[in-house]
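[1] Next one to model:
(one chain, ligands or ions: 1)
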Amino acid sequence: MREIVIIGVGQVGSALAAQLLATHQVDRLTLLDENDERVVGLQNDLQAGWPTAEIKTQDWSSLHTADVIITAFGNQQQLQENRFGELTVNARAVHQMAKQVREADPQGIVLNLANPNEALTALIQQEWLLAPKQVIGLGTVVDTARLKLAIQNASQQNVHSIEGYVYGQHDGNLVTAWSTVRVNGQTIDQPIYGKKLDDHELTVQAKLNGFYALRGLGSDWNAVVAWTLRVLQAIFTNSNATFSLAVNQPQFDGYVSYPVQLNRQGVGNYVLLPLYPLETEQIKVAANAIQQQLAAMQNVLN
Ligand SMILES: NC(=O)c1ccc[n+]([C@@H]2O[C@H](COP(=O)([O-])OP(=O)(O)OC[C@H]3O[C@@H](n4cnc5c(N)ncnc54)[C@H](O)[C@@H]3O)[C@@H](O)[C@H]2O)c1
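    Numbers count the residues shown, from 1 in each chain. Sure, this is the predicted structure:
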């Protein structure tokens, strides 16, 4: 039995719900949102598409038994106006739900998609009184995918032969750790079949991919949903696959995007790759910016 709760069924949450059903990745799905009509509307729409699916609505007690709780609440309008525009509204949402969540006593994993991703994931862990290992955010998973896509296009190599991670802060201080990047097992300071890649150009191309999605669609929800499905699969299959997620990383005194192995219990091993000293310093800068956002959110709640 794979039981999933989605809190916030706007563009991201509703697309995710449909994809979970379409790919048979959920056995019991609960939809929660402050907008009752939207939840009822989504349930009716999904149920017509998947008549045998078990879909519950507005049942907060489901948080106790859920294997994974996905947080996708927010306000897309405010995000479009400012990349950190949801800081106040999402901090209040986390606080507002805290009593109900604590009473439900979640036993599973919380996967946060909402923004600002790392800081909000930290706030969820604190406000909902959950273990750090239990609370993760999508972090720089999509940013890492964009980096690999740029390398794939520039090198004309298969994406599965490309390794590497973006660390740091989603939508903010991204740290592309070139020390971790390999194409067919070799570092990119070596030519790949005679072609030398330009790391600066690759960084720009990776960012442009996100820029075009936001400019054309106003959001990059398809990429988020696709990668959320892969993260969920790693959890449900206990695979220990590695993703650059928003996790509590004691080396950086709190939440930051960092590669970790994922399994049924949530965060498994941290993937401690030997980074260049400059990269470690850049991750510290990102962690500091995340801590400042967290402090700003805590101020809003005081
Ligand atoms: N991690 C990523 O890469 C990524 C990409 C796209 C969007 N996002 C984030 O995902 C979140 C959702 O985005 P979206 O486009 O679906 O937004 P949206 O505005 O379409 O939907 C947000 C939903 O959350 C609900 N909601 C708001 N406050 C709530 C509360 N207190 N309790 C219950 N429900 C509440 C709203 O009613 C709405 O249905 C945002 O924070 C957005 O920034 C993240």
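[2] For the chain, which residue gets nearest to the ligand?
    Nearest residue of the chain to the ligand, counting by CB to the nearest ligand atom: residue 10, 1.6 Å away. Quick note: C-beta positions are derived from backbone N, CA and C, even for glycine.
[3] Only the buried residues of the longest helix along the chain, if you could.
    Assignment by DSSP state H gives helix 277-301 as the longest helix of the chain. Buried residues in helix 277-301, counting neighbours by 16 or more other CB atoms under 10 Å, are found at 279-280, 282-284, 286-291, 293-294, 297-298.
[4] does any part of it sit near the ligand?
    No: on the criterion CB under 6 Å from any ligand atom, helix 277-301 is out of touch with the ligand, staying 13.0 Å away.
[5] Leaving out chain neighbours, which residue sits closest to the most centrally placed residue in the chain?
    The chain has residue 138 as the residue nearest its centroid, 1.1 Å off, counting by CA atoms, centre = their mean. The shortest distance from residue 138 to any non-neighbouring residue, by CB to CB, 6 or more residues apart in numbering, is to residue 113 (5.2 Å).
[6] Could you tell me which residues of this protein lie near the ligand?
    Neighbours of the ligand within the chain, by CB under 6 Å from any ligand atom: 7-13, 33-35, 38, 72-76, 79, 86, 90, 93, 96, 113-115, 117, 138, 142, 219-221, 224.
[7] Give me the buried entries from the residues you listed.
    With burial judged by 16+ other CB under 10 Å, the buried subset of these is 7-13, 33, 38, 72-75, 79, 86, 90, 93, 113-115, 117, 138, 142, 219-221, 224.
[8] So which of these are in helices?
    11-13, 38, 79, 90, 93, 117, 142, 221, 224.
[9] Which members of these are the farthest-apart pair?
    Farthest apart among these by CB to CB are 38 and 142. That separation is 24.7 Å.
[10] Could you dump the ones in helices among the buried ones among the residues of the chain next to the ligand into TSV and include pLDDT?
    Formatted as TSV, these follow (pLDDT from 0 to 100):
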residue	pLDDT
11	96
12	97
13	98
38	98
79	70
90	96
93	97
117	97
142	98
221	94
224	98
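[11] how about the residue nearest to residue 138, what does it touch?
    If a contact means CB atoms under 8 Å, 6 or more residues apart in numbering, then residue 113 has 12, 16, 70-72, 137-138, 224, 228 as its contacts.
[12] 7 Å instead?
    Contact analysis of residue 113 by CB atoms under 7 Å, 6 or more residues apart in numbering lists 12, 70-72, 138, 224, 228.
[13] Considering these, which is situated nearest to residue 100?
    residue 71 (13.2 Å).
[14] so the closest one makes contact with residue 110?
    Yes: at 6.5 Å, residue 71 and residue 110 qualify as touching, with contact defined as CB atoms under 7 Å.
[15] who has more neighbours, those two?
    residue 71 (27 against 24; other CB atoms under 10 Å).
[16] nearest residue to that one other than its sequence neighbours?
    residue 112 is the one closest to residue 71 (CB to CB, 6+ apart), at 4.6 Å.
[17] is it true that the one you found touches residue 118?
    No: contact criterion CB under 7 Å: residue 112 and residue 118 do not qualify, at 9.1 Å.
[18] what residues are shared contacts of the two?
    Common neighbours of residue 112 and residue 118, counting by CB under 7 Å, 6+ apart, are residue 137.
[19] Is the nearest residue to residue 187 once chain neighbours are set aside part of a helix or strand, or is it coil?
    For residue 187, ignoring the flanking residues on the chain, the nearest one in space by CB to CB, 6+ apart is residue 181 at 7.0 Å. With DSSP: H, G, I helix; E, B strand; the rest coil as the basis, residue 181 sits in strand.
[20] show me the contacts for residue 181.
    Residue 181 is in contact with 163-164, 187-188, counting by CB under 7 Å, 6+ apart.
[21] Can you select the buried ones from those in ChimeraX?
    The following ChimeraX line selects those of the contacts of residue 181 that are buried, judged by 16+ other CB under 10 Å:
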select :164,188
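[22] Looking at the contacts of residue 181, which one is closest to residue 200?
    residue 188 (11.7 Å).
[23] which residue packs closest to the closest one, ignoring adjacent ones?
    Going by CB to CB, 6+ apart, residue 188 has residue 197 as its nearest residue, at 4.9 Å.
[24] what domains does the record give for the chain?
    As given by automatic domain parsing, the domain ranges for the chain are 3-137, 141-297.
[25] part of a helix, is residue 166?
    No: looking at residue 166 with three-state DSSP, it is strand, so not inside a helix.
[26] show me where the stretch 151-300 of the chain has helices.
    With helices called from DSSP state H, counting those that start in this stretch, the stretch 151-300 of the chain shows them at 199-217, 221-236, 277-301.
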